[in-house]
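A.B. asks: Just a sequence and a predicted model for now, questions to come.
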Amino acid sequence: MKLTELYLVTIITERYFRNEILEKVKELGAKGYTLTDATGEGSRGIRASDFEGKNVKIELVVSKEVGNDIIDYIADAYFENYAVITYAHPVSVVRGDKYI
Amino acid sequence: MKLTELYLVTIITERYFRNEILEKVKELGAKGYTLTDATGEGSRGIRASDFEGKNVKIELVVSKEVGNDIIDYIADAYFENYAVITYAHPVSVVRGDKYI
Amino acid sequence: MKLTELYLVTIITERYFRNEILEKVKELGAKGYTLTDATGEGSRGIRASDFEGKNVKIELVVSKEVGNDIIDYIADAYFENYAVITYAHPVSVVRGDKYI
């Protein structure tokens, strides 16, 4: 099976921002996403909602270019004021052509 | 602590396929699995069930050889017709001998 | 966006151990954590509770040094007798200075 080298970008954020982030990452080129409920604690900014501790983990399989654009967007839009964790690492993807 | 270099294979699929996939990956050599509920959206094939958006993330710590066999099986059995995401990446595992 | 190369340490354990592990990893230098509910099966030791199959996945973005200390602690404290999965891999982190 041919595998494609892509990036898995993970964004952990308050649920309040879920829909606006999903809309934006699709505009930036993400072809799909996976959501998981999560809770957590970290170095926080101002919380945008009362759902303390209720977070969502958004995972995106994307090309490096799209991944960089998404990371730049998240950093610019949220990191100054909100508690958002974002990281990325390479993954070998089955039928990776579907994600580009 | 000695760490072992293994592979983390992630399969995101409709819950409908969970049990048949778990049975098969154990036959192929996986010693265990972790399941997480997830939802998502992506480039989809025909859905096998009515549980729209209800997915499960299956994570497997395996050797590269077992991982490749699992990836081949998933690709052959599901990718033609169903919405399955599968990717892998190297991980450093504590007591990795338990997974081989 | 400048990214920092850090480590994502993942610990999958019975929920029974969640609070003591979280307390200890913060002592060892973790600045935050993400928790996800999970279930699973694997090569098991004695279970510490009756919540069969109810696990929690703890994810920590840390420096390599802190990650190694956490891995040593988990291995020493739990691996002899309990069902704990622990693995790590490098990640590129937005605003990584927050995690050090």
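C.D. replies: Yep, it's here. Residues are numbered from 1 along each chain as shown, chains lettered A, B, ... in the order given.
A.B. asks: From here on, just use CA atoms for contacts and neighbour counts.
C.D. replies: OK.
A.B. asks: quick one: strands adjacent to the worst-scoring helix or strand of chain A on mean pLDDT?
C.D. replies: Least confident helix or strand, chain A: strand A:33-41 with a mean of 92, by mean pLDDT, DSSP states H and E. Using DSSP bridges, strand A:33-41 pairs in its sheet with strand A:55-62 (antiparallel), strand B:33-41 (antiparallel), strand C:33-41 (antiparallel).
A.B. asks: Quick one: those as a markdown table, columns for distance to residue A:88 too.
C.D. replies: Shown next, in a markdown table, are those (distance: least, Cα to Cα, whole Å):
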| stretch | distance to residue A:88 |
| --- | --- |
| strand A:55-62 | 9 |
| strand B:33-41 | 19 |
| strand C:33-41 | 16 |
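A.B. asks: highest average neighbour count across the ones you listed?
C.D. replies: strand A:55-62 (a mean of 24; mean count of other Cα atoms under 10 Å in any protein chain shown).
A.B. asks: The helix or strand harbouring residue A:26 and chain C, are they touching?
C.D. replies: Residue A:26 is part of helix A:18-27, with elements assigned from DSSP states H and E. No. Using Cα under 8 Å from any Cα of the partner chain, helix A:18-27 never reaches chain C; the gap is at least 15.9 Å.
A.B. asks: Is there any residue in that helix that contacts chain B?
C.D. replies: No. Remark: helix A:18-27 sits outside contact range of chain B, by Cα under 8 Å from any Cα, the gap being at least 10.2 Å.
A.B. asks: Pull out the buried residues from that helix.
C.D. replies: By neighbour count on 16 or more other Cα atoms under 10 Å in any protein chain shown, the buried set for helix A:18-27 is A:18, A:21, A:22, A:25.
A.B. asks: for the strands paired with strand A:33-41, which one sits closest to residue C:5?
C.D. replies: Among the strands paired with strand A:33-41, strand C:33-41 comes nearest to residue C:5, with 17.3 Å by Cα to Cα.
A.B. asks: Quick one: distance of the closest one to the chain centre.
C.D. replies: Distance of strand C:33-41 from the chain centroid (Cα atoms, centre = their mean, to the nearest Å) equals 10 Å.
A.B. asks: residues in contact with residue A:88?
C.D. replies: Residues in contact with residue A:88 (Cα atoms under 8 Å, 6 or more residues apart in numbering or on different chains) are A:7, A:8, A:9, A:10, A:67, C:91, C:92, C:93.
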